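>>> pasted the sequence and its predicted model underneath.
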Amino acid sequence: MNHATIAHAHEGGHHGVPHGWRRWLFSTNHKDIGTMYLVVSLIMLFLGGGMAMLIRAELFMPGIQLLQPDVYNNLVTNHALIMVFGAVMPAAAGMANWMIPLMIGAPDMALPRMNNMSFWFLVAAALMLVISMVVPFLPGGGTPVNTGWTLYPPLSVQVGMSMDFLIFTVHLLGISSILASINIIVTILNCRAPGMGLMDMPIFCWSWLVTAFLLIVILPPFAGAVTMLLFDRHFGTSFFNAAGGGDPQLFQHLFWFFGHPEVYVLLLPSMGILGHIIPTFARKPLFGYQSTVGAMLAVGTIGLAVWAHHQYTTGLSLAAVTYFMIGTIVISIPVGLLVFNYIATMWRGAMTFETPMLFAIGIILMFSFGGLTGVMLATIPGDIQYHDSYFVVAHFHYALIPGALLGLYAGVFYWLPKWTGNMYDERLGKIFFWMVIIGFNLTFFPQHFLGLAGMPRRIIDYNPMFTEFNMISSIGSFIFGAAHLVFLYVIVKTVRGGARAGDQVWEGAKGLEWTLPSPPPFHTFTTPPQIKLAQSEA
């Protein structure tokens, strides 16, 4: 070893492990990278949530109060993109990084340096997204992106330079997600502890295995769509321009082939988290492990084949819309199976109601309601009436906030003692839970009525007859937003110290003991045949 190498090793500490800022910048440790994902997700959650607060403040009363229409539409666009790509997906990826190696007995992720690279691509994409919001306010910057998160042409062809930044944001996010997905798949398939078969894995690992395959399938078509959009904008092509022989609906098909399975990408990791929380606090093993795995595989598979239910009003053939309607209704069967398995796990369990379990129960109730309105929107005559109204906004927030976001909050409270070694403040956790539930339902339940009464979405002004429900909705959103200050305080307080978490954080909570013995350690699983063969030859 030469002097430079020795000096570098001493500078880095034992075995050349970097310290200080180098520890984070060059990290290949799955726990550190998981933590960084979670921190970025928290920052983006507050940024996207702040945008939602501005939108609801503007809609508190009819008329134009705070914002100009273009800026309002830009907030609607970026609120969606930040929440989906900046808050939910990185948080789920952070939990995957932290927990999957621990759950399957792997020393780390299979491809640690690629893990680092996928994280920094996410940071670059986040910066690019913020730049796309700032550009219109610079001299000659043009109009903000006012297309909504769907980026439909011809509007997206006409928007100024900020659209180009957004297109490159999508490319970087796609690269980041595909690298992370490859890493998760390789880790799960190749790095399990000896004797642990796929059907021995914890359910969270299964949820991420399906999610990772989904991401690898759906992101390239979306990347292709925005690349074609870039060519239409700058190189004179007519992929989506009807005057030049193109088809604007082609973009919709490419976008929704990504956009609909993306809903299940957001949903599945959180459903996997519930598969750990509910058995813990019901003190029973998960009911129907194999059917839960099967349901996740079915959701991933059918989810790829139902995208055009977002396009009922675009003039598709009767045969096409009938197929998409039936497929969309069919997907409610495996989703329902997941929910029923979780309810059956709670049935006659010795339940206690710590914060993660409260979230789990709240998720099941509210997500089921979102699924019910989803079946309404799946039927063609219904959807033609509800399309582009606030009913759709209410539906997808009832599906995604309980189904994705609250599942991640449940996971944070469940695993925070493991991540930090400290116990969070249970009283504050419950205050956060109730503020979230009350704020969420006050915000989005009235929007069903607004939509059924005919209030269109994505429009800054509205008929005065909709005022009362909008006021209730805005007040609810401010409660929901304020709850997150409690959330931030709980996290900071737990990270900085507090009661030490024991070896078995949740075992026998509130004086109740487990009714079942704990699972056997890895070495008592059946020895795989190839190892038996090697031993006999030896």
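Received the coordinates, thanks.

>>> can you give me the helices for the stretch 51-200 of the chain?
Remark: helices assigned in the stretch 51-200 of the chain by DSSP state H, counting those that start in this stretch are 69-81, 89-104, 112-134, 155-158, 162-190.

>>> rebuild those helices as JSON lines, extending it with mean pLDDT and distance to Phe281.
C-beta coordinates here come from the backbone N, C-alpha and C atoms, glycine included. Output for the helices of the stretch 51-200 of the chain, formatted as JSON lines (pLDDT from 0 to 100; distance: least, CB to CB, whole Å):
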{"stretch": "helix 69-81", "mean pLDDT": "94", "distance to Phe281": "33"}
{"stretch": "helix 89-104", "mean pLDDT": "97", "distance to Phe281": "18"}
{"stretch": "helix 112-134", "mean pLDDT": "96", "distance to Phe281": "31"}
{"stretch": "helix 155-158", "mean pLDDT": "92", "distance to Phe281": "46"}
{"stretch": "helix 162-190", "mean pLDDT": "97", "distance to Phe281": "26"}
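
>>> save those helices as JSON lines, and put in mean neighbour count too.
Formatted as JSON lines, the entries for the helices of the stretch 51-200 of the chain read as follows, by neighbours: other CB atoms under 10 Å:
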{"stretch": "helix 69-81", "mean neighbour count": "20"}
{"stretch": "helix 89-104", "mean neighbour count": "24"}
{"stretch": "helix 112-134", "mean neighbour count": "19"}
{"stretch": "helix 155-158", "mean neighbour count": "18"}
{"stretch": "helix 162-190", "mean neighbour count": "21"}
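
>>> okay if I get the ones you listed as JSON lines plus distance to Trp24?
Shown next, in JSON lines, are these (distance: least, CB to CB, whole Å):
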{"stretch": "helix 69-81", "distance to Trp24": "25"}
{"stretch": "helix 89-104", "distance to Trp24": "14"}
{"stretch": "helix 112-134", "distance to Trp24": "10"}
{"stretch": "helix 155-158", "distance to Trp24": "36"}
{"stretch": "helix 162-190", "distance to Trp24": "17"}
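
>>> looking at those helices, which is closest to Ala52?
helix 69-81 (5.4 Å; CB to CB).

>>> quick one: closest of the helices of the stretch 51-200 of the chain to His484.
Judged by CB to CB, the one of the helices of the stretch 51-200 of the chain that comes nearest to His484 is helix 89-104, at 13.2 Å.

>>> that older thread, right, and the helices of the stretch 51-200 of the chain - which one's nearest Arg348?
helix 89-104 (27.0 Å).

>>> run the chain-centre distance for that closest one.
The chain centroid and the centroid of helix 89-104 are separated by 13 Å, computed with CA atoms, centre = their mean, to the nearest Å.

>>> quick revisit: nearest to Phe466, out of the helices of the stretch 51-200 of the chain?
Distances from Phe466 to each of these were compared by CB to CB, and the smallest falls on helix 69-81, at 16.2 Å.

>>> next, the angle from the closest one to helix 162-190.
With axes from the mean of the first three to the mean of the last three CA atoms, to 10 degrees defining the directions, helix 69-81 sits at 10 degrees from helix 162-190.

>>> next, count neighbours for Asn463.
Neighbours of Asn463 under the rule other CB atoms under 10 Å: 11.

>>> tell me the contacts of it?
Neighbouring residues of Asn463 by CB atoms under 8 Å, 6 or more residues apart in numbering: 62, 455.

>>> moving C-terminal of the helix or strand of the chain with the lowest mean pLDDT, what's the next helix or strand?
Using mean pLDDT, DSSP states H and E, the weakest-scoring helix or strand in the chain turns out to be helix 3-12, at a mean of 43. The element immediately downstream of helix 3-12 (helix or strand, assigned by DSSP states H and E) is helix 20-25.

>>> same for that following helix, what does it pack against?
Using 3 or more CB pairs under 8 Å, 6 or more residues apart in numbering; DSSP states H and E, the elements in contact with helix 20-25 are helix 30-58.

>>> and the helix it packs on, how far out from the chain's middle?
Helix 30-58 has its average C-alpha position 12 Å from the chain's average C-alpha position, going by CA atoms, centre = their mean.
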